[in-house]
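**Q** Could you look at this predicted model? Sequence included:
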Amino acid sequence: MKYSVFYLFIFVSFIGFSQENQNSLLWEISGNGLEKPSYLYGTMHVSNKVAFRLDDVFFEALNNADYVALESSPSEWLEYNYYTTTLFPQNYASTFKDDFYSNIVGIEAPKDLLIRSAIRFNNQLVNGILYRKDSAKDNFEEETYLDMFIYQAGKKTNKPIISLENLEESRYLVAKAQKNSKKDKIDPWLAKLYEKENAYLLRENTYRDRNIQFLDSISKASNSEYFREHMLFIRNDNMVKVLDSVMQTKSVFSGVGAAHLGGKRGMIQLLQNLGYRVKPLTSLKTNLAITEKERLETKIKTPVFSKQQTPDGFISLNAYGELREFLYNGIKYYISPDLPNGAHLTLTRINTFNYLPNDNNLYLNHIEKFLFEDVPGKIISKEPITGKFPGLSIVNQTKKGDYEKFHIYQTPLEFIIIKLSGLKTYVLDFEKNVFDSISFKESATTFTVLKEPFNKYELKFPETYVTDNYDYSGNKLVQGYYNNAFYFLRETVYHDNYYLEEDSFEAKFMAHNFLKNLELEVNEGKLTRTPVTSYETNAILKDSVNGLHLKTVIKDGSYYTLGYVGQSEAEAKKYFSSLKFKAYQYPDNFETVIDTSLHFSVKTNTKTIPPKSNYSYEKEKPYAEKETLTTYYSKANEQIYVTKYKYHDLQMFEHIDSLWATVKKEYENYSQYEGYKDFIILNEKKQVKDSTFTYEYILRDTASIKQVYVKNILKKGAYFELRAQGDTITPQSQFLKTFYNSFQPLDTLLGVSVFKDKTPIFLEALKANDSIVFDSVDKLKFNTTHAEPLMKFLKTFDFPENKIDIKYKLIKELAQLEHPNLETYLEQLYDDSYSDPEVQIIVLNSFFRKNTTKSYEKFIQLLNKDLPLDEREITNVLNRYNDSLSGKKQLFPELLQFTSVNDYKAPIYGLLSQLIIKDEIKPKVYKKYKKQIINDGKIEIKRSYSQYSSSYKGNYGLIDYVYLIFPYREEKTAQEFFNKLIESKNGHAQASYYSLLARENETIPNALKEKTIYSDDLKHLIISKLYHKELYTHAKATGITQDSYIKSYLFADTNIEKERDSIVFVDKKPFETDLGDKGEIHFYKLIKTTSDSENTRLYYFAYLKDDSNDLIVLDSYLETGSYGEEFNENKDEEELYQNIIDKVVHKTRKRLMDEDY
């Protein structure tokens, strides 16, 4: 419910007030040419009794005034709330299943509790407008809040009501204020006071005492100036301008939040600045005040009714004003308040979907059984309604003595609840005006052409129908009934600009999923791909002569589901074939709007959603990067996503072509992100005008008619991206075309041009100790022109401790540049950094990465001078061989001299073993170090007994020794190494030794077989290594099968107590993916037993079969991994396995696999 917009920040009443120590909430305005005084009263926007301590002078002032003024008139609120609500798509569904497509296509019959709740509870939007009451505090509250009381007093005494603010601007300012409302730290004196007294009570007591000066002190001590500027000061200026213009001719009684009255920029001071005399008014509270309050509360202003109808024209009745359709949680509701009298009419409609199979179809007699419990207070009368639709007419009296009246109807399609509520006997006096006027549209006798409001599509439909949200953006539903058959059309909106699914898959899956959720047998249907992708199928309803016929359609940013429930297949086909998609037609109401959040202008027929309060108190740094997003929605369910990325002020790009190339590469390689697919980029268009760069293109996928229109705009340091979804069938609409063509960044908060050289600025900021330098080195683009100033800066600047990382980054960047003196500079820097190994490693790495004979010589030369000690960093340096491993052989054997230093041993042996594995170096190169390597290997085996005794994998570093020592395996010392290796627990190294022996066709020791091919833990590893070396005959000779490989793979890394735990093979089942690939899935259970419990986990391994050979499939298609999944013993086991198989079948479908959908 979006009623919270009406709660205009209750405690705004407590913020900011000081006026000459005068304790008063009522102020008289006179002088400056006024014939009659006006009045200003500080309210609280609540119904608490503390706000109603109203003295005689309050009522005297109210009665003396000609006009009543409020911050905004309550008569505007419902319309404004509806306007802002419908800017955002409505009726988004979250149905009874968790998966994406159930939410998209599913229709769920309501539970009886939903209907009962609609009878039992008052609508919260009504409470927000009329009462603002808390049922738990009812005995301590008035019947409404003070602002509404003032409004009603004015209306009942026929005084015109005026708004002091533009409601839209006011809500914008309030939302903006909340983005930075609190001080970083409240003032110490207030913090101490809060330790003694609750903050809420302190402010309430201060208001009760009318201590305006202290209220102002609390504000200054706790709220930011930003908050006060937007919540108070700007609004104060606006309200005083309006008040000043009205008071010249009429006396005005104004009620505003007390926070707006005081201070140097408060309304009182602003009025004084205009020349008015403003003085406090106080008095006693006598019987006059009590009597006057009761008189105003009990007085009834004769309500004015007018004939209204619901948007679909199905229901007509007398109401107080337009029936606006709100949707929430499966309910449509319409509110028509009688604001002056505190009464309201509500109309609630709930779709029953009784024509679809469900466990409990709901009927009126079922709901009637609960009325004793659900109707508030005492039922005075209950009578059946006869006529077009059966119903019940109920009059009740609440515990407080107020009367209400209900009409509850059931139609073939929905429950309708019409309720009139008011104080005391209001309902008895006026109910006939409402309930005697109720009428329903006649039943359909023929079909009509139903046209989407913006010409998006049309189809033939029963002439009498009911709709949900048909005229606004969001999910739409149309239902009709004709000749004992039911018809429905559901449009569900979902714009995904980053992933385009295969249309034919979605159309078919949606239909089958719809039937599956209704527990109906799924029949294979008909798929059509032209002009749009659609799928038709049907099912016979249980215990019924009717059939359910479905058609699902994939197009643009919406999913369409058409349904027919009846006995005529011909009528169903006729209905389905009548659906025609057409070009959008929008009214010519496009106008230029300014987006003040993202700072751009655009021509459109809608507005962005008002900003929401995010209660973020963190202050933004003006130089920092910032991303802001908004969305523009058309009522025809088109959506334009706008992102503004304000770059960091030190961000640099070489030129615009490099930026656009990066953008293009991102989309062409979008599959780098898990679950996504690469896009096809079409219709590229690049422009530059007035230093504004644009890049437009279309993103497509070969399996979908959907496409994404993208426009990137760069101006100075601000990057905008527009994204909207359409399709290849329908021309781009006026909504999209006009928006894209008219979009213009404003000259506000654009930052600094990203093509400007910011290096000098960065270096100066470093000297000045400016915080802008943090996390900004990576945003700079260094080139050869920067080498000289960087060398000079690094020589002369003394980096403080908190900027040492910046120093390291600058050295890394410098080392990649070209300069005739750079090598000498780096060598000297290395020599000077004896006590800073990080710098030395950066220098070493710079030479190592150049991959030249000369750079390798310099690398060895520097190591001979001094060895920085950091095994992890040395490993990072020497492991950079993926792109140029061959050249690294030049480092040997000289590099081996440093293996006597522990920090260098493993990294150097690791590099050397890779050269051996890739046959880039011969064993004779390191023969001189053979004895040392073997001895080091034995020591590593010894070390593994204590460090890796609990894992079959053992010491990974031993793998390097296996490859280095294997060429000398015939020698005694090498044999001793391998014998000790076999005896140890070093599975990975043992598997490597096994694969090397197999490669050379040498005899495998039985002891090694026991440790590898006969070990459940190592079977998967042995097969992997043999297959990697293409030793398929040797792999087959091991006797390891697909089954034993999978079991080994799943449980090798699982902690299993063999004496207590057990692995149970469940089953293996075939499957075929929705792409036509066949495979098999193996299921296991791991039962872990302790002294007091037994826990079961489920494991599975699915793989795709390759019928072209009989090799074991190594790679899983989908698996649980070594942790498995929780086994839910409360669920049907076969259903559980089938759900997993369904996941496997649809593995490539992101919207089924990704929990974020």
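**A** That came in fine, so what should we check first? Numbering: from 1, shown residues only.
**Q** Show me the domain layout of this protein.
**A** Domain ranges of the chain: 3-75+132-298, 306-440, 447-581, 591-745, 822-921, 1062-1153, per automatic domain parsing.
**Q** Please identify which of those is closest to Lys1029.
**A** With C-beta to C-beta, the closest approach to Lys1029 among those belongs to domain 822-921: 10.1 Å. The way it works is simple: take the backbone N, C-alpha and C, and place the C-beta from them, glycine included.
**Q** First-to-last residue distance for that closest one?
**A** Using C-alpha to C-alpha, to the nearest Å, the end-to-end distance of domain 822-921 comes out at 32 Å.
**Q** what's the average pLDDT for that domain?
**A** Across domain 822-921, the average pLDDT comes to 92.
**Q** cool, and stretch 179-189?
**A** Stretch 179-189 shows a mean pLDDT of 87.
**Q** Off-centre distance for that stretch?
**A** A distance of 29 Å separates the centroid of the chain from that of stretch 179-189, by C-alpha atoms, centre = their mean, to the nearest Å.
**Q** Enumerate the positions of it that are buried.
**A** Across stretch 179-189, burial judged by 16 or more other C-beta atoms under 10 Å covers Lys179, Asn180, Ser181, Lys183, Ile186.
**Q** And these, which is closest to Arg235?
**A** Ser181 (14.7 Å).
**Q** related to what we said a few turns ago, quick check, nearest of the buried residues of stretch 179-189 to Lys155?
**A** Ser181 (33.7 Å).
**Q** need the contact list for the closest residue in space to Pro868 that isn't next to it in sequence.
**A** Leaving aside its sequence neighbours, Pro868 sits nearest to Pro837 (C-beta to C-beta, 6 or more residues apart in numbering; 3.5 Å). Counting by C-beta atoms under 8 Å, 6 or more residues apart in numbering, Pro837 touches Pro868, Leu869, Asp870, Glu873.
**Q** Could you save those residues as TSV and add columns showing distance to Val466, secondary structure and neighbour count?
**A** Listed next are these as TSV, based on distance: C-beta to C-beta, whole Å; DSSP: H, G, I helix; E, B strand; the rest coil; neighbours: other C-beta atoms under 10 Å:
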residue	distance to Val466	secondary structure	neighbour count
Pro868	78	coil	23
Leu869	79	coil	14
Asp870	73	coil	14
Glu873	71	helix	19
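**Q** May I see those organised as a markdown table, with distance to Gly1079 added?
**A** Below are the contacts of Pro837 laid out as a markdown table (distance: C-beta to C-beta, whole Å):
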| residue | distance to Gly1079 |
| --- | --- |
| Pro868 | 51 |
| Leu869 | 51 |
| Asp870 | 47 |
| Glu873 | 44 |
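**Q** Now the two most distant members of those.
**A** Leu869 and Glu873 (9.2 Å).
**Q** so which helix or strand takes in the nearest residue to Val375 once chain neighbours are set aside?
**A** In space, Val375 comes closest to Asn396 once its chain neighbours are excluded; the distance is 4.9 Å by C-beta to C-beta, 6+ apart. Taking DSSP states H and E as the criterion, Asn396 maps to strand 391-397.
**Q** what mean pLDDT does the helix or strand following that strand have?
**A** Counting by DSSP H and E, the element after strand 391-397 in chain order, helix or strand, is strand 403-410. On average, the pLDDT along strand 403-410 is 98.
**Q** Can you list the helices and strands that strand 403-410 packs against?
**A** Helices and strands touching strand 403-410, as assessed by 3 or more C-beta pairs under 8 Å, 6 or more residues apart in numbering; DSSP states H and E, comprise helix 364-368, strand 378-385, strand 391-397, strand 414-421, helix 426-435.
**Q** repeat that for 6 Å
**A** If contacts are counted by 3 or more C-beta pairs under 6 Å, 6 or more residues apart in numbering; DSSP states H and E, strand 403-410 sits against strand 391-397, strand 414-421, helix 426-435.
**Q** Quick check: Phe735 is in a helix.
**A** Yes: under DSSP: H, G, I helix; E, B strand; the rest coil, Phe735 falls within a helix.
**Q** Test for you: state the pLDDT assigned to the nearest residue to it once chain neighbours are set aside.
**A** Computed as C-beta to C-beta, 6+ apart, the closest residue to Phe735 that is not its neighbour in sequence is Ser634, at 4.6 Å. You'll see Ser634 listed with a pLDDT of 96.
**Q** sorry, back to before: can you tell which of the helices and strands packed on strand 403-410 is closest to Tyr968?
**A** Tyr968 sits nearest to strand 414-421 of all those, at 86.4 Å, using C-beta to C-beta.
**Q** next one: that closest one to chain centre, how far?
**A** Distance of strand 414-421 from its chain centroid, counting by C-alpha atoms, centre = their mean, is 35 Å.
**Q** the inter-axis angle of that strand versus helix 426-435?
**A** 140 degrees (axes from the mean of the first three to the mean of the last three C-alpha atoms, to 10 degrees).
**Q** Return the mean pLDDT over strand 414-421, rounded to an integer.
**A** In the prediction, strand 414-421 has an average pLDDT of 97.
**Q** Just the strands from the stretch 101-250 of the chain, written as ranges.
**A** 161-163 (DSSP state E, counting those that start in this stretch).
**Q** show me where pLDDT drops low in it?
**A** Applying pLDDT under 70 to the stretch 101-250 of the chain picks out residues 136, 139.
**Q** hmm, try it at 90
**A** 102-109, 111, 114, 118, 120-145, 172, 175-184, 187-223, 228 (pLDDT under 90).
**Q** can you check the stretch 401-550 of the chain too?
**A** Ranges of the stretch 401-550 of the chain meeting pLDDT under 90: 522-523, 530, 542-545.
**Q** can you give me the strands for it?
**A** Ranges of strands within the stretch 401-550 of the chain are 403-410, 414-421, 439-440, 447-451, 457-462, 465-468, 476-482, 485-493, 526-528, 533-540, 547-555, based on DSSP E, counting those that start in this stretch.
**Q** So which of those is nearest Val126?
**A** Closest of these to Val126 is strand 414-421, at 8.2 Å (criterion: C-beta to C-beta).
**Q** The closest one - contacts with which helices or strands?
**A** Checking 3+ C-beta pairs under 6 Å, 6+ apart, strand 414-421 ends up next to strand 343-351, strand 403-410, helix 426-435.
**Q** Can you list the neighbours in contact with the shortest one?
**A** Read it as strand 403-410. Here strand 403-410 makes contact (C-beta atoms under 6 Å, 6 or more residues apart in numbering) with 364, 389-397, 416-421, 427-428, 431, 435.
**Q** circling back to that earlier point, the strand holding Asn396 pairs with which strands?
**A** strand 378-385 (antiparallel), strand 403-410 (antiparallel) (DSSP bridges).
**Q** if you compare those, which one is most tucked away?
**A** strand 403-410 (a mean of 22; mean count of other C-beta atoms under 10 Å).
**Q** Any idea how far that one is from the middle of the chain?
**A** Averaged C-alpha coordinates place strand 403-410 at 40 Å from its chain's average position (C-alpha atoms, centre = their mean).
**Q** and if you look at stretch 979-999?
**A** Counting by C-alpha atoms, centre = their mean, stretch 979-999 is centred 50 Å from the centre of its parent chain.
**Q** Start the count at 19 instead of 1 going forward.
**A** With the count now opening at 19, the last piece we talked about shows up as stretch 997-1017.
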